[in-house]
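Peer 1: Quick one, structure for this:
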Amino acid sequence: MMTGPNKDHRFPLGKYDRLCFLKNIVKNPNIIVGDYTYYDDFENVENFEKNVKYHFDFIGDKLIIGKFCMIASDVKFIMDGANHLTNALSTYPFAIFGNGWEKAMEGKSYPKKGNIEIGNDVWIGYNATIMAGVTIGDGAIIAANAIVVKDVAPYTVVGGNPAKEIKKRFSEETIAKLLQLKWWNWDVEKITEHVQHLTDDKIEQVLKEMNKK
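Peer 2: Purely as a prediction, here's the structure:
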């Protein structure tokens, strides 16, 4: 019985080592990745963690990525450690340099925007940048070179700098049905059984067919 690729393989395309199932590559415990999410890099898949920027252990923020996501080369995630004061007279980080400046942050703290959370079945295009605190909904598409500074709704296509909505992939009614379906949580045997449905563009017809089974 065919059940798709082994989710525990680092390189599901055999000898091609520039596409990996990401959860089997990452070492940082504050990067959490779902099954079958892949990362494709022009040079080396080890670049992924290098592109998770300002991710300091002492801050504790997380990058959380769902299942079946597609992440292109040079996608960058800017974590909370990049933040500076914005409401103070100066944004300069005096305290880190010491030598009389070490008390500059006493009784104060740098702003925290929180985790970056990526839903399921999200496609993030080449060289996109996702900023701290952003949540990207299931089924969203992030265009190449986009800089995402605020949340992206499910099944929405965004692009530009800053990223703005280009279009909804489907009607609101259909999106609601897809979010209820949550196909990415099915067992792999059921996904394999319905793999042709999952690649069909006749969405309403497919949803009716799948609901019969």
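
Peer 1: Tell me the secondary structure of residue 209, please.
Peer 2: helix (DSSP: H, G, I helix; E, B strand; the rest coil).

Peer 1: State the distance from the nearest residue in space to residue 34 that is not next to it in sequence to residue 158.
Peer 2: Nearest non-adjacent residue to residue 34, counting by CB to CB, 6 or more residues apart in numbering: residue 67, 3.5 Å away. C-betas here are computed from N, CA, C, even on glycine. Residue 67 sits 21 Å away from residue 158, going by CB to CB, to the nearest Å.

Peer 1: could you say what helices and strands the worst-scoring helix or strand of the chain on mean pLDDT packs with?
Peer 2: Ranked by mean pLDDT, DSSP states H and E, the weakest helix or strand in the chain is helix 203-212, scoring a mean of 77. For helix 203-212, the packing partners by 3 or more CB pairs under 8 Å, 6 or more residues apart in numbering; DSSP states H and E come out as helix 172-181, helix 195-198.

Peer 1: Check this structure and tell me which residue is nearest its centre.
Peer 2: residue 118 (3.7 Å; CA atoms, centre = their mean).

Peer 1: Now do the same contact list for that one.
Peer 2: The contact partners of residue 118, taken as CB atoms under 8 Å, 6 or more residues apart in numbering, are 63, 64, 65, 66, 69, 124, 130, 135, 136.

Peer 1: repeat for residue 159
Peer 2: Residue 159 neighbours (CB under 8 Å, 6+ apart): 142, 143, 144, 145, 146, 166.

Peer 1: Could you rerun that using 10 Å?
Peer 2: Going by CB atoms under 10 Å, 6 or more residues apart in numbering, residue 159 touches 125, 128, 141-148, 165-167.
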